[in-house]
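[1] based on what follows, work out the 3D shape:
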Amino acid sequence: MAFKKKLEEKILDVDVAMQGNLVFKDAVNLRINGKFEGDLQSKGNLTIASTAVVVADIMGDNIIVDGKVKGRIVAKERLTLLPQAVVEGEIYPAKLNVAEGAIFEGRCSMLHDFMSAEELAHYLEVDLNSVLEWANSGKMPGLKEGDKWRFERKTIDSWVAAGKVGK
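    Down below sits the predicted model:
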């Protein structure tokens, strides 16, 4: 049975220079070995290999960096910086592992299980008024406590994955 599961894994190994926007709607094991510039959204595991040079805004579940990355990284489950990693920019991990030797220059803000409206707007890269409008109209799942909204990250991630943003 383990053999069958192994065959069903989706693996993509990128060794070329690429530019553009990549969005993976299904979970995949993606490894970038070459150069990439643009925006990257993945589900599953993303590895930036030691030979990779990436200039991008990255959003993914489990992200492992062993190469060079310049940009914004949002890791919904875990961000791991291996000994050869050089990361410059902003990182937003749910959990963070940094190996000795890794270099990070920039700003780190840990993702929490619950976010305010302002944090959610930043997380979704939309303006605050859109978040408040969606929440007040019942289009977005959230909890109102007094005059403040709180949003559970996992529920919002499911809402986004279902394509309900802006609807």
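[2] could you pull up phi and psi at N136?
    When read as degrees, to the nearest 10, the backbone of N136 gives phi -60, psi -30.
[3] and it, what's its pLDDT?
    With respect to pLDDT, N136 has a value of 93.
[4] can you check L82 too?
    pLDDT, L82: 98.
[5] quick one: it and E100 touch, right?
    No. Between L82 and E100 there is no contact under CB atoms under 8 Å: 10.0 Å. Heads up, the C-betas are built off the backbone N, CA and C, glycines and all.
[6] can you confirm K139 is in a strand?
    No. Counting by DSSP: H, G, I helix; E, B strand; the rest coil, K139 falls outside a strand, being coil.
[7] and the strands in the chain, which stretches?
    11-14, 18-32, 35-48, 53-65, 68-81, 86-93, 96-98, 103-108, 114-116, 143-145, 148-152 (DSSP state E).
[8] let's have these in JSON lines, adding distance to L132.
    Listed next are these as JSON lines, based on distance: least, CB to CB, whole Å:
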{"stretch": "strand 11-14", "distance to L132": "38"}
{"stretch": "strand 18-32", "distance to L132": "26"}
{"stretch": "strand 35-48", "distance to L132": "24"}
{"stretch": "strand 53-65", "distance to L132": "22"}
{"stretch": "strand 68-81", "distance to L132": "21"}
{"stretch": "strand 86-93", "distance to L132": "21"}
{"stretch": "strand 96-98", "distance to L132": "30"}
{"stretch": "strand 103-108", "distance to L132": "25"}
{"stretch": "strand 114-116", "distance to L132": "11"}
{"stretch": "strand 143-145", "distance to L132": "11"}
{"stretch": "strand 148-152", "distance to L132": "7"}
